[in-house]
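Trainee: Quick one: sequence and predicted model below, then my questions.
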Protein chains: 2
Amino acid sequence: MQTVLVSCVGKKIPHWFLPHSSKSLRIRPIWSSSIKMAAEDYTFGPYKIHHTEVFYSTHLSYAMVNLRPLLPALDGNGHFSESVYRTSFLHVLVCPKREVKRFVDLTADETSDLWLTAQKVGKQLESYHKASSLTLAIQDGPQAGQTVPHVHIHLIPRKSGDFEKNDEIYDAVGWMDEKEKELKQKLDLDKERKDRTLEEMSQEADEYRKLFV
Amino acid sequence: MQTVLVSCVGKKIPHWFLPHSSKSLRIRPIWSSSIKMAAEDYTFGPYKIHHTEVFYSTHLSYAMVNLRPLLPALDGNGHFSESVYRTSFLHVLVCPKREVKRFVDLTADETSDLWLTAQKVGKQLESYHKASSLTLAIQDGPQAGQTVPHVHIHLIPRKSGDFEKNDEIYDAVGWMDEKEKELKQKLDLDKERKDRTLEEMSQEADEYRKLFV
């Protein structure tokens, strides 16, 4: 069951392991996709999310995989880290369907549904990835590090030893822009950075979708 | 209205600004308190929470101030930082009344109530502290950094410039035990560390309680 996911986390380092700015999480213009957008697609702030990237939804919320690995897959010394690289695939987002910037702007129904969705998604992904804990967080507003103005829960299954220090997760997850910039500057390889294809993302979402049938 | 809080965040550095292990957040034995525990008190994992530390509650959830400033009030160089020190007072916890270790163990009613409570508390404290964003997070399980085995939301009002790099919050908030240990070792002043008194905490909770009348 895990073959699709495991096949893409080998030792070979793809171009797109490189660090990126969290300010450009979802910059693929929809017209560049070979798959046409449809009525059942979703919005995430100013971005369109293709329905194949979404693996679970309710009438008010949805859960999606990421366009890029959110983690730079580099350890503190700027070297490729397989543990960080693997964990980057576990990070998903849970969002309200309605485009709302701040958590306080959600209705009571939306708030409840969002977190019941996160609870369900967390349970299934933690088990699927044989993890033992979850990091759940909302960066609610720009001063908390929010970069896409649409409420979203970061949900990351955690395992013993996935990070040398537990809280490197917060650094690696793209919440330390300055450090990212330094790394990028140091490596000067930004031009080689490449998004995952929609097909790759759809494959991952397909695997997750089976967990909620 | 803010005099009580402002009076304790002056330039003078109290003994208890010192770093501490997040593993000992709430270690004051209840019998050492001059105020007797009562039926309306709360539990937080193995610890008893005096009702005067709680500033808002529903039938399923409660919000409380902290026994100690969770932030070491030290910058990256181990020097006292007033901005970190000030922010340490903004950090509160929102918990289910029922002692439950993992987020998935909450009932749907508890999950909804917990987050509706966090939403309400966040709105009021953000406004009260003239902040503009919120950090909301659950460390759900030991591998995510959870130290007290009772679900709790960390809620921290955020302001522009409260941390030099946005994500020092995750370091400072006590989620980097190794660094804390290093700092503690370096300073070797652990013996001088002192909890806030229940009276100090009750004063803070009194101020917050007025926001929910």
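Mentor: Done, it's in.
Trainee: Which neighbouring elements make contact with the longest strand anywhere in chain A?
Mentor: For chain A, the strand with the greatest residue count under DSSP state E is strand A:133-140. In this structure, strand A:133-140 packs against helix A:108-128, strand A:153-158, strand B:133-140, with contacts taken as 3 or more C-beta pairs under 8 Å, 6 or more residues apart in numbering or on different chains; DSSP states H and E. Quick note: C-beta positions are derived from backbone N, CA and C, even for glycine.
Trainee: Let's have those in TSV, adding distance to A:E207, mean pLDDT and mean neighbour count.
Mentor: Formatted as TSV, the entries for these read as follows, by distance: least, C-beta to C-beta, whole Å; pLDDT from 0 to 100; neighbours: other C-beta atoms under 10 Å in any protein chain shown:
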stretch	distance to A:E207	mean pLDDT	mean neighbour count
helix A:108-128	8	96	20
strand A:153-158	14	93	25
strand B:133-140	22	95	25
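Trainee: need these in JSON lines with distance to B:E110, can you?
Mentor: Formatted as JSON lines, the entries for the helices and strands packed on strand A:133-140 read as follows, by distance: least, C-beta to C-beta, whole Å:
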{"stretch": "helix A:108-128", "distance to B:E110": "10"}
{"stretch": "strand A:153-158", "distance to B:E110": "17"}
{"stretch": "strand B:133-140", "distance to B:E110": "13"}
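Trainee: Just the pLDDT at A:E207, thanks.
Mentor: The predicted structure scores A:E207 at 82 on the pLDDT scale.
Trainee: Distance-wise, check it relative to A:Y56.
Mentor: Taking C-beta to C-beta, to the nearest Å as the measure, A:E207 falls 12 Å from A:Y56.
Trainee: who's more crowded, the two?
Mentor: Here A:E207 and A:Y56 are compared on neighbour count by other C-beta atoms under 10 Å in any protein chain shown; more neighbours surround A:Y56, at 20 against 17.
Trainee: Show the contacting residues for the more buried one.
Mentor: A:Y56 is in contact with A:62-63, A:117, A:120-121, A:208-209, A:211-212, counting by C-beta atoms under 8 Å, 6 or more residues apart in numbering or on different chains.
Trainee: before we move on, what about A:M64?
Mentor: Residues touching A:M64, when contacts are defined by C-beta under 8 Å, 6+ apart, comprise A:42, A:44, A:49, A:53-55, A:92-93, A:95, A:205.
Trainee: what about 10 Å?
Mentor: If a contact means C-beta atoms under 10 Å, 6 or more residues apart in numbering or on different chains, then A:M64 has A:26, A:42, A:44, A:49-57, A:92-95, A:152, A:201, A:204-205, A:208 as its contacts.
Trainee: Of the helices and strands packed on strand A:133-140, which is nearest B:T111?
Mentor: When the helices and strands packed on strand A:133-140 are ranked by proximity to B:T111, the top entry is helix A:108-128, at 5.4 Å, counting by C-beta to C-beta.
Trainee: could you say what helices and strands the closest one packs with?
Mentor: In terms of contact count using 3 or more C-beta pairs under 10 Å, 6 or more residues apart in numbering or on different chains; DSSP states H and E, helix A:108-128 is assigned the packing partners strand A:54-57, strand A:61-64, strand A:92-96, strand A:133-140, strand A:153-158, helix A:198-209, helix B:108-128, strand B:133-140.
Trainee: rerun that using 6 Å as the cut-off
Mentor: In terms of contacts (3 or more C-beta pairs under 6 Å, 6 or more residues apart in numbering or on different chains; DSSP states H and E), helix A:108-128 is packed against strand A:61-64, strand A:92-96, strand A:153-158, helix B:108-128.
Trainee: I'd like these laid out as JSON lines, including distance to B:K159.
Mentor: Formatted as JSON lines, the entries for the helices and strands packed on helix A:108-128 read as follows, by distance: least, C-beta to C-beta, whole Å:
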{"stretch": "strand A:61-64", "distance to B:K159": "29"}
{"stretch": "strand A:92-96", "distance to B:K159": "25"}
{"stretch": "strand A:153-158", "distance to B:K159": "21"}
{"stretch": "helix B:108-128", "distance to B:K159": "9"}
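Trainee: and of the ones you listed, who's closest to A:T107?
Mentor: Among the helices and strands packed on helix A:108-128, strand A:92-96 sits nearest to A:T107 (C-beta to C-beta), with 9.1 Å.
Trainee: Name every strand pairing with the closest one and say which way it goes.
Mentor: If you go by DSSP bridges, strand A:92-96 pairs up with strand A:61-64 (antiparallel), strand A:153-158 (antiparallel).
Trainee: pLDDT of that strand, averaged?
Mentor: The predicted confidence, averaged over strand A:92-96, sits at 95.
Trainee: hmm, who's touching it?
Mentor: Strand A:92-96 is contacted by residues A:61-65, A:106, A:110, A:114, A:117-118, A:121, A:151-153, A:155 when judged by C-beta atoms under 6 Å, 6 or more residues apart in numbering or on different chains.
Trainee: at 7 Å instead, please
Mentor: Under the contact criterion C-beta atoms under 7 Å, 6 or more residues apart in numbering or on different chains, strand A:92-96 has outside partners A:44, A:60-66, A:106, A:110, A:114, A:117-118, A:121, A:125, A:150-155.
Trainee: what number of residues lie near the spatially closest residue to A:P157 that is not a sequence neighbour?
Mentor: Residue nearest to A:P157 in three dimensions, not counting chain neighbours: A:A131, with 3.6 Å by C-beta to C-beta, 6 or more residues apart in numbering or on different chains. As a burial measure, the neighbour count of A:A131 was computed by other C-beta under 10 Å and equals 21.
Trainee: Would you mind measuring from A:K159 to A:L211?
Mentor: Relative to A:L211, and taking C-beta to C-beta, A:K159 is found at 18 Å.
Trainee: Report the residue spans of chain A with pLDDT below the cut-off.
Mentor: Along chain A, the model assigns pLDDT under 70 to residues A:1-39, A:67-89, A:163-196.
Trainee: just to revisit the earlier point, can you lay out the strands paired with strand A:92-96 as TSV showing distance to A:K101?
Mentor: Supplementary listing: these in TSV, determined by distance: least, C-beta to C-beta, whole Å:
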stretch	distance to A:K101
strand A:61-64	16
strand A:153-158	14
